[in-house]
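In: Prediction below, plus the sequence it came from.
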Amino acid sequence: LADVVPMAPEDPLFGLMAAYRKDKSEKKVDLGIGAYRDNDAKPWVLPVVKKADDILHNDPEINHEYLPIAGLQAFTSASQKLVLGPDSPAIKENRVCSLQTISGTGAVHLGALFLRKFYNKQNNPTVYFSSPTWANHNQIFTNVNLPIKSYPYFSPTTKGLNFEGMIDAIESAPERSIILLHACAHNPTGVDPTQDQWKEIASMIHSKNHFPFFDCAYQGFASGDLSKDAWAIRYFVEQGFELCIAQSYAKNFGLYGERAGCFHFVTSPAHDASHTAERIRSQLAILQRSEISNPPAYGARIAATVLNDDELFAEWEDNLRTMSGRIMDMRKALREKLEEMGTPGTWNHITDQIGMFSFTGLSEKQVLRIREESHVYMTKNGRISMAGLNTHNVDYFAKAVDKVVRE
Ligand code: LMR
């Protein structure tokens with residue numbers, strides 16, 4: 001066997017992180033992985049997470065027993081309310097099956113496995129992603145043998161949404177395809193549809209009988225408002241779609257390494273709600289058991305402690321505003337500096353785009369030059385993690401961009 005296993009390429013994002021760590025330059029700037037940093041480029045433990053940590057630390061009831069297969073119930077039920085809204089009819093009608101997962105990646109994977117096993121099997125359905133999308137989508141769906149294709153999303157000329165291209169591709173996809181959508185703060189572009197555009201997307205998906213699959217990794221990070229960031233999902237649920245959602249707590253709780261996430265399958269109101277949900281839940285439990293047995297407890301306990309307490313929840317919202325606010329300040333500062341220097345090109349997209357990332361429009365060649373000459377690390381597609389910028393390095397980065405753009 002060993003002879004036939006070829007060498008796989010290094011993961012581009014984690015490879016970039018390793019290259020950054022190795023770089024000895026004092027000027028180095030990390031704009032690679034999407035993880036929040038404070039104004040001193042340090043990881044930030046949310047103050048509300050510290051509080052929850054203390055509460056758990058002093059709780060004599062906490063032990064290291066297994067969680068149930070579906071995870072911590074206090075966590076999964078709070079997660080449903082967070083993403084669908086506390087008064088969602090789908091929750092009240094018992095139309096939501098939720099399992100705690102290994103963060104958003106695990107949720108996407110569980111959904112992919114489930115769809116592979118049960119969805120439109122006769123026709124070998126294709127999963128459509130935005131072009132570009134989070135690099136991991138591609139391999140997660142490929143690993144479970146679902147064919148993948150992409151729909152246009154980003155317009156390099158406007159550095160905004162190619163809405164017509166997206167709608168046309170959804171229309172041309174064979175009926176009952178799977179359409180993967182980013183709920184908000186699109187990764188890697190930072191470009192989201194408007195609410196009116198979401199309505200048209202929903203209507204096209206409905207008319208083609210496609211299956212919507214939402215990846216929701218940045219709720220609270222796009223606008224700082226949790227409901228606004230879940231608007232698209234809630235709209236689709238209101239329209240009666242059967243759909244699934246992969247929810248991550250990595251970014252909005254800063255629980256990156258704790259792998260807290262949730263998978264939700266929402267059944268349509270057209271079905272006999274509780275029976276359908278029960279069948280789906282039972283199958284998801286089988287898949288979960290064979291993959292991870294049961295999920296890890298710590299991150300879910302932290303999130304559940306906060307989500308189920310009004311005071312801590314309000315404090316969390318405040319922490320979210322601190323993160324999204326600092327990112328917005330950095331967007332403004334970067335754009336202003338580039339415009340002040342008269343850097344060739346337009347830079348309004350830096351402030352128009354939202355969430356953790358900006359798709360700068362820099363070419364791969366320019367990205368590699370910036371890395372070599374200025375020790376700034378970003379992905380080859382020109383994506384920058386805005387959280388890596390701060391008041392100490394934003395001018396330095398703007399000058400590095402200015403230099404390569406003029407060359
Ligand atoms: C990113 O895109 O930077 C993050 O979502 C981290 C990851 O796992 O890829």
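Out: The structure has been received and is ready for your questions.
In: secondary structure element for the residue lying closest to Ala300 once chain neighbours are set aside?
Out: Excluding its sequence neighbours, the residue lying closest to Ala300 (Cβ to Cβ, 6 or more residues apart in numbering) is Phe75, at 4.0 Å. To be clear about C-beta, it is placed using only N, CA and C from the backbone, and glycine gets the same treatment. Using DSSP states H and E, Phe75 maps to helix 73-84.
In: what's the spacing between that helix and its chain's center?
Out: 17 Å (Cα atoms, centre = their mean, to the nearest Å).
In: which residues in this protein form strands?
Out: For the chain, applying DSSP state E gives strands covering 29-30, 96-102, 127-131, 148-152, 154-155, 160-161, 178-182, 211-216, 243-248, 260-266, 357-359, 376-377, 383-385.
In: Tell me which residue in the stretch 1-150 of the chain sits closest to the ligand.
Out: Distances between the stretch 1-150 of the chain and the ligand by Cβ to the nearest ligand atom are smallest at Gly34, namely 3.2 Å.
In: Ramachandran angles for that residue?
Out: phi -80, psi 80 (degrees, to the nearest 10).
In: any idea how far it is from Asp53?
Out: From Gly34 across to Asp53, the span is 23 Å (Cβ to Cβ, to the nearest Å).
In: can you check Leu389 too?
Out: Where Asp53 is concerned, Leu389 sits at a distance of 28 Å (Cβ to Cβ).
In: if you count what's nearby, which of those two comes out ahead?
Out: Higher neighbour count among Leu389 and Asp53: Leu389, with 28 against 15, using other Cβ atoms under 10 Å.
In: my guess is that one contacts Lys332, does it?
Out: No. Between Leu389 and Lys332 there is no contact under Cβ atoms under 8 Å: 10.8 Å.
In: Around the ligand, pick out the residues from this protein.
Out: Within the chain, the positions lying close to the ligand (Cβ under 6 Å from any ligand atom) are Leu13, Ile33, Gly34, Trp134, Asn136, Asn187.
In: Quick one: those as JSON lines, columns for neighbour count and pLDDT too.
Out: Converted to JSON lines, the residues of the chain next to the ligand look like this (neighbours: other Cβ atoms under 10 Å; pLDDT from 0 to 100):
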{"residue": "Leu13", "neighbour count": "16", "pLDDT": "91"}
{"residue": "Ile33", "neighbour count": "17", "pLDDT": "92"}
{"residue": "Gly34", "neighbour count": "26", "pLDDT": "92"}
{"residue": "Trp134", "neighbour count": "21", "pLDDT": "96"}
{"residue": "Asn136", "neighbour count": "16", "pLDDT": "96"}
{"residue": "Asn187", "neighbour count": "24", "pLDDT": "96"}
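In: what about Asp3, neighbour count?
Out: Asp3, neighbours per other Cβ under 10 Å, totals 4.
In: Give me the pLDDT for it.
Out: pLDDT recorded at Asp3 is 92.
In: Roughly how far does it sit from Arg21?
Out: Counting by Cβ to Cβ - Asp3 and Arg21 are separated by 33 Å.
In: what does Arg331 give?
Out: Counting by Cβ to Cβ, the gap from Arg331 to Arg21 is 26 Å.
In: which of those two has more neighbours?
Out: Between Arg331 and Arg21, counting by other Cβ under 10 Å, Arg331 is the more crowded of the two (22 against 10).
In: residues touching the nearest residue to that one once chain neighbours are set aside, list them.
Out: Leaving aside its sequence neighbours, Arg331 sits nearest to Thr351 (Cβ to Cβ, 6+ apart; 4.8 Å). By Cβ atoms under 8 Å, 6 or more residues apart in numbering, the residues touching Thr351 are Met328, Arg331, Lys332, Arg335.
In: Tally up the residues packed near Arg176, please.
Out: When neighbours are counted by other Cβ under 10 Å, Arg176 comes out with 15.
In: phi, psi of it?
Out: Torsion angles, degrees, to the nearest 10, at Arg176: phi 60, psi 40.
In: Pro125 is in contact with that one, correct?
Out: Yes. Contact status for Arg176 versus Pro125: in contact at 5.9 Å, counting by Cβ under 8 Å.
In: Spell out which residues are contacts of both of these two.
Out: Common neighbours of Arg176 and Pro125 (Cβ under 8 Å, 6+ apart) are Phe211.
In: how much space is there between the spatially most central residue of the chain and Thr391?
Out: Centroid check for the chain by Cα atoms, centre = their mean gives Ala217 as the closest residue, at 2.7 Å. Distance from Ala217 to Thr391, counting by Cβ to Cβ: 27 Å.
In: re the thing from before, now do the buried residues in the helix holding Phe75.
Out: By 16 or more other Cβ atoms under 10 Å, the buried positions in helix 73-84 come out as Phe75, Thr76, Ser77, Ala78, Ser79, Gln80, Leu82, Val83, Leu84.
In: Now do the helices in the stretch 201-350 of the chain.
Out: 226-229, 231-238, 273-291, 298-307, 310-340, 348-352 (DSSP state H, counting those that start in this stretch).
In: highest average neighbour count across the strands of the chain?
Out: Among the strands of the chain, strand 260-266 has the highest mean neighbour count (mean count of other Cβ atoms under 10 Å), at a mean of 29.
In: Give me the angle between that one and helix 231-238.
Out: Comparing the axes of strand 260-266 and helix 231-238 via axes from the mean of the first three to the mean of the last three Cα atoms, to 10 degrees yields an angle of 30 degrees.
In: Render the CA-only coordinates of strand 260-266 in PDB, please.
Out: C-alpha atoms of strand 260-266 as PDB (Å, rounded to 0.1, in the frame of the first residue of the first chain):
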ATOM      1  CA  ALA A 260     -18.000  23.800  18.800                       C
ATOM      2  CA  GLY A 261     -20.600  23.700  16.100                       C
ATOM      3  CA  CYS A 262     -24.000  22.400  15.200                       C
ATOM      4  CA  PHE A 263     -25.800  20.800  12.200                       C
ATOM      5  CA  HIS A 264     -29.500  21.500  11.700                       C
ATOM      6  CA  PHE A 265     -31.800  19.900   9.300                       C
ATOM      7  CA  VAL A 266     -35.100  21.800   8.900                       C
END
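In: Give me the angle between that strand and strand 96-102.
Out: Angle of strand 260-266 versus strand 96-102, following the same axes, to 10 degrees, is 160 degrees.
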